[in-house]
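# next one to model:
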Amino acid sequence: YQWLVDGKEVNWIKPFYHANSRTPIIHSIGLQTKWRNYSEGHPESSSHPRREHTHWYIGQIGVTMEFKPGVYQCTAWNNYGRAISSPVHVRMARLGIIQDHQEQHVTIHAGEPIRLNCSVKSSEPTATIRWMIRAEDGSVEFVRENRTRATDDNGNLHLMQPLYNNHQIFVCAVNNAILRTIKTGPDVHVYSLNQKDERWPIGRDRPWLVYHSARDAIALVNHSLTLRCLIAGYPLPITIWQWRESDPAGQHQLRYAWKEERSVFREVDQVGK
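Residues are numbered from 1 along each chain as shown. Model prediction:
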């Protein structure tokens with residue numbers, strides 16, 4: 001037999017053949033090829049003739065000059081023909097590094113929203129970014145999003161108005177679906193000033209758009225779709241969602257959705273009317 005990677009033969013996966021081997025053959029970079037012997041007297045013996053099974057285990061490995069992501073297949077042949085296995089797509093799961101390393105201190109004023117950045121290098125699969133709050137006793141909890149604080153599609157946290165506490169510590173946390181670990185960034189100290197500067201012009205109090213999701217979104221069946229629209233102002237403006245849809249006859253209708261307490265931000269608190 002012969003292993004193929006991206007359709008090309010590879011010689012570093014050795015096709016060892018041990019007729020009476022009872023122990024796995026360990027390759028040098030963590031690849032284990034296990035041979036099962038069905039010959040007479042073996043613990044796994046059976047009425048079937050002796051067969052070979054090439055179980056390939058991927059242990060603690062990394063990308064090397066030889067082993068790399070790609071499409072792996074095993075082809076085998078004898079005097080009567082040739083067979084090839086189904087393709088196995090091998091990807092290296094990795095969690096990117098948070099690019100911000102310095103502890104930060106920022107101040108939020110009434111009517112001046114701020115954005116806390118969380119930049120992560122490329123991950124496989126794509127990393128999920130969430131924010132946590134660190135309490136004075138060292139305990140942490142994830143931020144519950146609402147219209148006063150919410151993340152955008154890039155994982156940055158927007159604070160729309162001063163917090164109830166004069167000082168809070170926010171921490172960026174990233175993980176992905178494969179690696180069961182979380183990486184956290186540096187502490188971001190946020191200090192709140194609730195006093196508004198009366199010298200501001202009237203126009204600064206009017207609502208303005210801070211962030212919105214992409215204008216074209218695709219909703220998948222049995223999957224949720226999140227649309228984000230962050231609007232600032234002082235005092236914080238009331239937001240009403242509306243959408244346009246078509247009936248079977250093709251006529252457009254305009255409908256009003258819920259108010260700000262029931263917006264469609266991820267994990268937002270929903271309060272009844």
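# other residues contacting the helix or strand encompassing Thr75?
Using DSSP states H and E, Thr75 sits in strand 70-78. Contact with strand 70-78 is made by 1-7, 54, 82-90, as judged by CB atoms under 8 Å, 6 or more residues apart in numbering. Where C-beta positions appear, they are placed from N, C-alpha and C, glycine not excepted.
# please check those residues and keep the buried ones.
1, 3-5, 54 (16 or more other CB atoms under 10 Å).
# and those, which two are furthest apart?
With CB to CB as the measure, no two of the buried ones among the contacts of strand 70-78 lie farther apart than Val5 and Thr54, at 15.1 Å.
# among the buried ones among the contacts of strand 70-78, which one lies nearest to Pro235?
Using CB to CB, Val5 comes nearest to Pro235 of the buried ones among the contacts of strand 70-78, at 61.5 Å.
# what's opposite that closest one in the beta bridge?
Lys8, Tyr72 (DSSP bridges).
# how close does it sit to Val90?
Counting by CB to CB, to the nearest Å, the gap from Val5 to Val90 is 9 Å.
# which of the buried ones among the contacts of strand 70-78 lies closest to Ile108?
When the buried ones among the contacts of strand 70-78 are compared for distance to Ile108 (CB to CB), Val5 wins out at 52.8 Å.
# distance of His212 relative to Ile231?
His212 sits 9 Å away from Ile231, going by CB to CB.
# which one's more surrounded, those two?
Set side by side, His212 and Ile231 show more neighbours around Ile231, with 18 against 13, by other CB atoms under 10 Å.
# does that one touch Tyr211 like I think?
No - in this structure Ile231 lies outside contact range of Tyr211 using CB atoms under 8 Å: 9.0 Å.
# strands - which of the contacts of strand 70-78 land there?
Per DSSP state E, strands hold the following members of the contacts of strand 70-78: 2-5, 82-84, 88-90.
# columns pLDDT on top of those, output as CSV?
Converted to CSV, the ones in strands among the contacts of strand 70-78 look like this (pLDDT from 0 to 100):
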residue, pLDDT
Gln2, 80
Trp3, 82
Leu4, 86
Val5, 87
Arg82, 88
Ala83, 90
Ile84, 89
Val88, 86
His89, 85
Val90, 82
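# for Ile218, state which of these is nearest.
Taking CB to CB as the measure, Ile218 lies nearest His89 of the ones in strands among the contacts of strand 70-78, at 23.5 Å.
# report the separation between that closest one and Ala127.
In this view, His89 and Ala127 are 20 Å apart by CB to CB.
# equivalent analysis for Trp241, please.
Relative to Ala127, and taking CB to CB, Trp241 is found at 29 Å.
# of these two, which one has the most company?
Ala127 (22 against 15).
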